[in-house]
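1. What would the 3D arrangement of this be:
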Amino acid sequence: KLSVVKLFSKHVKLHEQAAQLSEAAAAAGHGFDVGVGTPQRMLKLLEISALQAAGVRLLLLDLTPDVKGTHLLTLRDTRLD
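-> Here you go, the predicted structure:
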């Protein structure tokens, strides 16, 4: 069974998410298997050491266009990340 965490910034403050990651890692005895989030939120979590990249084996960017034809690299909120 894989452990999955959401790393989005829309509804959770950075310090709250850092605490959740720490609690989840302590409870599981390790990190998580799959993290899903925006590039900017992941970068911020890395910068405050709430997320470590040492164990990352795969990074996947979903560039599938939505119904408006936009994707991760063209959306106003994420294109500069």
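2. Name the next helix or strand following the lengthiest helix in the chain along the chain.
-> Secondary structure of the chain per DSSP state H: the longest helix is helix 14-28. Going down the chain from helix 14-28, the next helix or strand is strand 34-37, by DSSP states H and E.
3. ok, residues contacting that next one?
-> 2-9, 42, 51 (C-beta atoms under 8 Å, 6 or more residues apart in numbering). Where you see a C-beta, it was placed from the backbone N, CA and C, and this is true even at glycine.
4. Reformat the residues you listed as a markdown table; add neighbour count and secondary structure.
-> Below are those laid out as a markdown table (neighbours: other C-beta atoms under 10 Å; DSSP: H, G, I helix; E, B strand; the rest coil):
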| residue | neighbour count | secondary structure |
| --- | --- | --- |
| 2 | 6 | coil |
| 3 | 14 | coil |
| 4 | 10 | strand |
| 5 | 17 | strand |
| 6 | 14 | strand |
| 7 | 20 | strand |
| 8 | 12 | coil |
| 9 | 16 | coil |
| 42 | 19 | helix |
| 51 | 22 | coil |
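5. Any regions of this protein where pLDDT drops low?
-> Scanning the chain for pLDDT under 70 picks out 28, 79-81.
6. My read is that residue 22 contacts residue 50, right?
-> Yes - with contact defined as C-beta atoms under 8 Å, residue 22 reaches residue 50; the gap is 7.0 Å.
7. Compare these two (neighbour count), which wins?
-> Under the neighbour definition other C-beta atoms under 10 Å, residue 22 and residue 50 were set side by side, and residue 50 has more, 18 against 11.
8. isn't that one right next to residue 24, touching?
-> No - here residue 50 lies out of contact with residue 24, judged by C-beta under 8 Å, at a distance of 11.0 Å.
9. partners of residue 7 in the sheet?
-> In this structure, residue 7 bridges to residue 37 when assessed by DSSP bridges.
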